[in-house]
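K.L.:
Structural data only, the sequence is not supplied:
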Ligand code: HEM
C-alpha cells in the first residue's frame with residue numbers, strides 16, 4: 001500500500017519536474033546596472049529552478065564602474081566589490097588558510113551541493129520508487145501467472161539438515177538488519193515528501209531522528225552479517241560448470257524442469273554475490289558517511305577507472321580525479337542510495353522466492369531442516385554429494401540430534 005503511494009507520488013513529481021524544465025530559459029537580463037554582476041532577476045530565476053546561463057559569473061563581463069553606487073537605494077557593491085577574490089573562492093583557486101585544519105575547512109564555496117540536492121529530490125527518488133514498485137508489481141504478476149513452485153515428488157516424511165544454527169544466525173542477522181536499514185533509509189529519503197504531508201512536521205521530527213540513529217547503529221550488524229555469510233558460504237558460491245546448465249534452463253522457473261544444482265544454484269549465487277559486492281560497497285560508502293571528511297573513496301577510484309579506460313569506453317570521458325571533500329561526500333550519499341535501491345530490488349525478489357514463491361523453501365532458514373523431496377528436486381547434486389543423514393521422522397519417536 002505504502003509502495004503504491006510512493007509510486008503515485010513519484011509519478012506526480014516527474015510530471016512537476018517536466019513542467020518546470022519545459023519552461024523557457026529566461027532571456028538574459030540587462031546587467032549594465034550591476035556592472036556585470038548578477039541581478040535580482042538572476043537570483044529569482046535560480047530560486048525558481050530555471051535554467052540560467054551563469055557563465056557571466058565565472059568570467060567578469062561588463063564594467064564594474066557602471067554599477068549603481070552603494071549609497072543609492074538598492075545599490076550594489078558593484079565596482080567596489082572584489083570579484084576576483086569571489087571568483088577565486090568559487091572556482092577553488094584562492095589560497096586560503098584556516099585555523100581549523102583539514103581539507104574541508106578551506107572550501108568556502110562549493111557549487112555541487114545544489115546539483116546533489118536536485119539529483120536527490122528528482123531522479124533518485126523517482127527512479128528508486130519506480131524500481132521498487134516495478135519489482136513488486138513484476139513479482140505479483142509472476143505469482144499470478146506461474147503460481148507457487150510446488151514440490152513434485154511424493155513425500156517420504158523425512159527431512160534433512162540444510163543449514164546449521166550458526167548459518168541461520170548469520171542469515172537472519174544480515175536479513176533483519178538489512179530490512180531495518182532499508183526501512184529507515186527510505187524514511188530518511190522520502191520522509192519529507194511522504195510522511196510530512198500525512199502526519200505533519202511535529203510527528204515526523206522524532207521519526208526522522210530515530211530513523212537516523214537506528215540506521216547509523218544497525219549498520220554494524222549488517223556488516224557483521226555480511227562477513228559471516230561470506231566466510232560461511234563463499235566456498236559454495238564459486239562458479240561451477242553445473243551453473244551453465246542451470247542458467248540455460250533458466251533454473252526451471254519457466255516450465256517444469258528442475259536442473260541439477262549443488263548446495264547453491266546459479267540464481268542463489270547471483271543473490272550471494274550481489275549481497276557481498278553491492279552490500280560491501282554500500283557498507284564502504286556508509287562508513288565514509290559516518291566519518292565525514294576522513295575517508296575519500298571516489299577520487300582514487302576514478303583515477304583507477306580512468307587508468308583502465310572504462311569511463312572513456314562508455315562515453316563518460318575522463319572522470320574528475322581532483323574532488324573537493326564536499327564533493328566526495330555528495331558522491332558517497334548518491335552512490336550509497338543508488339546501490340541500496342538496486343540491492344533492495346534484488347532482495348525483494350529473494351524474499352519472494354524464499355517464502356511465498358516456492359513451497360518448502362522457507363523451512364531451510366526457518367528450522368534449518370527441509371523435506372527430503374524438496375532437497376532432491378532443487379539441489380539434487382548437493383543431496384548426492386553430502387548424502388545427508390535423514391532426520392528421524394516425527395513418528396519414529398527418536399529425539400533429533
Ligand atoms: C524475510 C526475509 C527473508 C527470507 C524469508 C529469506 C529466506 C531465505 C531462505 C529460505 C534461504 C535458503 C534457500 C535455500 O535453502 O537454498 C535464504 C538464503 C539466503 N538469503 Fe535470505 N531471506 C530473507 C532475507 C534476506 C536478506 C534481507 C538478505 C540479504 C540482505 C538475504 C540473503 C540471503 C543469502 C545471501 C542467501 C544464500 C543464497 C540464497 O539462497 O539465495 N536474505 N534466504
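P.N.:
Happy to help now that I have it. Owing to the predicted nature of the structure, the values given are computational and were not obtained by experimental measurement.
K.L.:
contacts, neighbours, all on C-alpha from now
P.N.:
Will do.
K.L.:
Let me see the contact set for the residue of the stretch 51-200 of the chain found nearest the ligand.
P.N.:
Minimum separation of the stretch 51-200 of the chain from the ligand (CA to the nearest ligand atom) falls at residue 175, amounting to 3.4 Å. Contacts for residue 175 (CA atoms under 8 Å, 6 or more residues apart in numbering) come out as residue 222.
K.L.:
how close does it sit to residue 229?
P.N.:
11 Å (CA to CA, to the nearest Å).
K.L.:
Also residue 119?
P.N.:
The spacing between residue 119 and residue 229, counted by CA to CA, is 34 Å.
K.L.:
tell me the mean pLDDT over the helix ranked longest in the chain?
P.N.:
Counting by DSSP state H, the longest helix found in the chain is helix 201-233. Averaging pLDDT along helix 201-233 yields 98.
K.L.:
Please see if it touches the ligand.
P.N.:
No - if you take CA under 6 Å from any ligand atom as the test, helix 201-233 misses the ligand, and the best it gets is 6.9 Å.
K.L.:
next structured bit after that helix?
P.N.:
Helices and strands here follow DSSP states H and E; after helix 201-233, the next one along the chain is helix 241-248.
K.L.:
got a pLDDT number for the residue lying closest to residue 112 once chain neighbours are set aside?
P.N.:
Counting by CA to CA, 6 or more residues apart in numbering, residue 327 is the residue found nearest to residue 112 once chain neighbours are left out, at 6.5 Å. You'll see residue 327 listed with a pLDDT of 93.
K.L.:
Look at residue 327 and give its secondary structure.
P.N.:
Counting by DSSP: H, G, I helix; E, B strand; the rest coil, the backbone at residue 327 sits in helix.
K.L.:
Next, the contact list for residue 208, please.
P.N.:
Neighbours of residue 208 in contact, by CA under 8 Å, 6+ apart: 187-188, 191.
K.L.:
any idea which of these is closest to residue 94?
P.N.:
Among the contacts of residue 208, residue 188 lies closest to residue 94 (CA to CA), at 35.9 Å.
K.L.:
More neighbours: which of residue 119 and residue 229?
P.N.:
Ranked by neighbour count (other CA atoms under 10 Å), residue 119 and residue 229 place residue 229 first, with 21 against 14.
K.L.:
Tell me the spacing between the more buried one and residue 168.
P.N.:
Per CA to CA, residue 229 is found 9 Å from residue 168.
K.L.:
What of residue 335?
P.N.:
Residue 335 is 30 Å from residue 168, by CA to CA.
K.L.:
try residue 177
P.N.:
Remark: distance between residue 177 and residue 168 (CA to CA) = 14 Å.
K.L.:
okay, the two: which has more neighbours?
P.N.:
The neighbour comparison of residue 177 against residue 168 (other CA under 10 Å) goes to residue 177, with 23 against 18.
K.L.:
The more buried one: what's its closest spatial neighbour, skipping adjacent residues?
P.N.:
Leaving aside its chain neighbours, residue 177 sits nearest to residue 222 (5.3 Å; criterion: CA to CA, 6+ apart).
K.L.:
Look at residue 305 and give its secondary structure.
P.N.:
Strictly by three-state DSSP, residue 305 counts as helix.
K.L.:
can you pull the contacts of the closest residue to it other than its chain neighbours?
P.N.:
Closest residue to residue 305 apart from its sequence neighbours, by CA to CA, 6+ apart: residue 311 at 6.6 Å. For residue 311, the contact set (CA under 8 Å, 6+ apart) comprises 305, 317-319.
K.L.:
and with 10 Å instead?
P.N.:
Going by CA atoms under 10 Å, 6 or more residues apart in numbering, residue 311 touches 302, 305, 317-319.
K.L.:
Touching, residue 359 and residue 148? I think so.
P.N.:
Yes - using CA atoms under 10 Å, residue 359 is in contact with residue 148, at 6.6 Å.
K.L.:
Identify the contacts common to these two.
P.N.:
Between them, residue 359 and residue 148 share these contacting residues under CA under 10 Å, 6+ apart: residue 353.
K.L.:
Return the distance of the residue lying closest to residue 298 once chain neighbours are set aside relative to residue 341.
P.N.:
Excluding the flanking residues, the one nearest residue 298 by CA to CA, 6+ apart is residue 328, at 6.2 Å. Taking CA to CA as the criterion, residue 328 is separated from residue 341 by 20 Å.
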